[in-house]
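# Just the structure for this:
(one chain, ligands or ions: 2)
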Amino acid sequence: MLLNEVLNQLPNINKCLEKGKILIIRIDINSPIINGKIIDDYRIRAHSYTLRLASDAGARAVVLAHQGRPGQDDFTSLEVHKPYIEKYLERPIKFVDDIIGPEARRQIKELKDGEILLLENVRMLSEEVIEKVPEAQAETMLVKKLAPLADYYVFDGFAVAHRSQPSVVGFPMVMPSCMGPVFEKELRALSVVFEKRGKGVVLLAGGAKIPDTIKAVEQLLKNGFVEKVAFGGLVGFVFAVARYGVLNTALKQEVEKGGYLPYVERARQLLSKYGEKIEVPVDFAINQNGRIDVDVFSLAQQPLDIGKSTTMQYKEVIDQAEVAIFSGPMGYIEDERFATGTVELLRAAAKKKLILGGGHTILAAEKAGVIDKAFHVSTGGRAFISTIGGEEMPAVKALLTSAAKFRL
Ligand SMILES: Nc1ncnc2c1ncn2[C@@H]1O[C@H](COP(=O)(O)OP(=O)(O)O)[C@@H](O)[C@H]1O
Ligand SMILES: O=C(OP(=O)(O)O)[C@H](O)COP(=O)(O)O
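Ligands and ions are numbered 1, 2, ... in the order given. Predicted structure coming up:
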């Protein structure tokens, strides 16, 4: 279904904003975190607007969100996010270190009009990270315990719309649901990109989420929605191994370390099918008492950025384009020395119609000073490129089912 049609069929937040009603609002405030500290709060700022709408209408908001993935360094409590939300809302909110237990449920029942209750990181529930069809997610403890306490479900977490997880697709099956303003704005921006049908569109694909990125790129190339893809970041390692063979042990080790060797074969297939449309790094930067650049065949340690020659090559690709989509940084942007490739390419892309998305990509764009020059800053990274690629988002599908079932 076309995005415009989707937008026409889904109720927007105004249908759910009623004084005294309890709303479960799923947002995505997953943010770059170092040593427990949030280093970019763009997503929190964006979703604070949604929470303000609910609070101003006198609704009682129960907020569901995640941070990181279990086992990763940035998997933290959402207590860290609370002061940021309060800063943007200019009012206090409540936080409970519980999700579905008696304390969380007691606090939900005691909410007063206009109050906002942030629940603990929903991925602390093991069932949340298992993807299943919406009907199965409606049977999870999360949905069974919380849905009976609320009147409406609001889905606003565009960045997590590509996950068929309980907090995303479970609630719409059992209660009237609507889309939040961040999600709606993203869908509107996506329909503009769709109109280009790939003409003059290049994608700069980096970052650490290899499976999601490869899956999205497969779709984008298959459906002709991009003319070129230039790879960097960890996904760039996979494509470099695929293009140049496995002679280079440092690169192969990096890919192996993350368990991504099976993706080398998928990268090879893409290269053999769409070789002329795919750009792969020819050099990388490493840390040897500072940044030095080495060509791909001389690499003997972990690469931390794309090298200067690659950056030049990718700039030429951007120069030929009309629209540049940036998803995932080219290197280890948390260290200034290795943010160069990403920053330079973002600046080149900002001369075009730049669309960027993803928590770390937004952070890099802020470093590069191009946030205000972008045509669209998406709160979502892979969710954005997957949708452009033509994939139907599980969140969209679940909301459509809900709209047909509950007719708000
Ligand atoms: N060459 C590299 N070495 C180490 N880390 C890298 C490299 N390239 C990218 N990264 C890391 O990838 C992470 C961002 O990836 P990802 O979460 O996919 O991006 P986004 O949040 O923009 O979607 C950052 O922490 C960044 O440091
Ligand atoms: O940051 C996110 O996605 P992104 O890195 O593609 O922008 C979302 O919060 C989804 O997180 P996930 O990829 O751990 O499911």
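# Please make it C-alpha for all contacts and neighbour counts, starting now.
Fine.
# Name the residues of the chain found near ligand 1, please.
Within the chain, the positions adjacent to ligand 1 are 207-209, 233-234, 303-305, 327-334, 358-361, 381 by Cα under 6 Å from any ligand atom.
# Output the below-cut-off pLDDT ranges for the stretch 51-200 of the chain.
196 (pLDDT under 70).
# Which of the residues of the chain next to ligand 1 fall in helices?
Among these, the ones falling in helices (DSSP state H) are 233-234, 359-361.
# Out of these, the closest to Met393 would be?
Distances from Met393 to those, taken as Cα to Cα, are shortest for Gly359 (19.0 Å).
# Skipping its backbone neighbours, what lies nearest that closest one in space?
Closest residue to Gly359 apart from its sequence neighbours, by Cα to Cα, 6 or more residues apart in numbering: Ser31 at 5.7 Å.
# who's in contact with the one you found?
The neighbours of Ser31, taking Cα atoms under 8 Å, 6 or more residues apart in numbering as the test, are 38-41, 43, 67-68, 359-360.
# Which residue in those has the weakest pLDDT?
Ranked by pLDDT, those bottom out at Gly359 (89).
# What degree of burial does it show, as a neighbour count?
By other Cα atoms under 10 Å, 26 other residues sit near Gly359.
# That one is in contact with Ala46, isn't it?
No - between Gly359 and Ala46 there is no contact, the gap being 12.0 Å when judged by Cα atoms under 8 Å.
# Quickly list what's touching both of these two.
Taking Cα under 8 Å, 6+ apart as the contact rule, Gly359 and Ala46 both touch Thr379.
# Sort out which of the contacts of Ser31 are buried, if you could.
Buried subset of these (neighbour count, 16 or more other Cα atoms under 10 Å): 40-41, 43, 67-68, 359-360.
# How far away from the center of its chain is stretch 346-365?
14 Å (Cα atoms, centre = their mean, to the nearest Å).
# Next: stretch 93-111.
27 Å.
# Only the buried residues of that stretch, if you could.
Buried positions in stretch 93-111, judged by neighbour count with 16+ other Cα under 10 Å: 93-96, 98-100, 104-105, 107-108, 111.
# again, but for stretch 53-73
When burial is assessed from 16+ other Cα under 10 Å, stretch 53-73 yields the following buried residues: 53-55, 57-68.
# ok, so of these, who is nearest ligand 2?
Set against ligand 2, the nearest of these by Cα to the nearest ligand atom is Gly68 (5.8 Å).
# can you give me the strands for the stretch 51-200 of the chain?
Under the criterion DSSP state E, counting those that start in this stretch, the stretch 51-200 of the chain carries strands at the ranges 60-64, 94-96, 116-119, 152-155, 177-179.
# With distance to Gln9 added, can I get those strands in a markdown table?
Formatted as a markdown table, the strands of the stretch 51-200 of the chain follow (distance: least, Cα to Cα, whole Å):
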| stretch | distance to Gln9 |
| --- | --- |
| strand 60-64 | 24 |
| strand 94-96 | 33 |
| strand 116-119 | 28 |
| strand 152-155 | 15 |
| strand 177-179 | 10 |
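# how does the chain divide up, domain by domain?
Structurally, the chain divides into domains by automatic domain parsing as follows: 3-183+392-406, 186-388.
# Make a markdown table from those and add distance to ligand 2 to it.
Formatted as a markdown table, these follow (distance: least, Cα to the nearest ligand atom, whole Å):
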| stretch | distance to ligand 2 |
| --- | --- |
| domain 3-183+392-406 | 5 |
| domain 186-388 | 3 |
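# ok, for Met173, nearest residue in space, not its chain neighbours?
Distances taken as Cα to Cα, 6+ apart place Ser402 nearest to Met173, at 5.7 Å, with adjacent residues excluded.
# Now the helix or strand hosting that neighbour: buried residues?
Assigned by DSSP states H and E, Ser402 belongs to helix 394-406. When burial is assessed from 16+ other Cα under 10 Å, helix 394-406 yields the following buried residues: 394-403.
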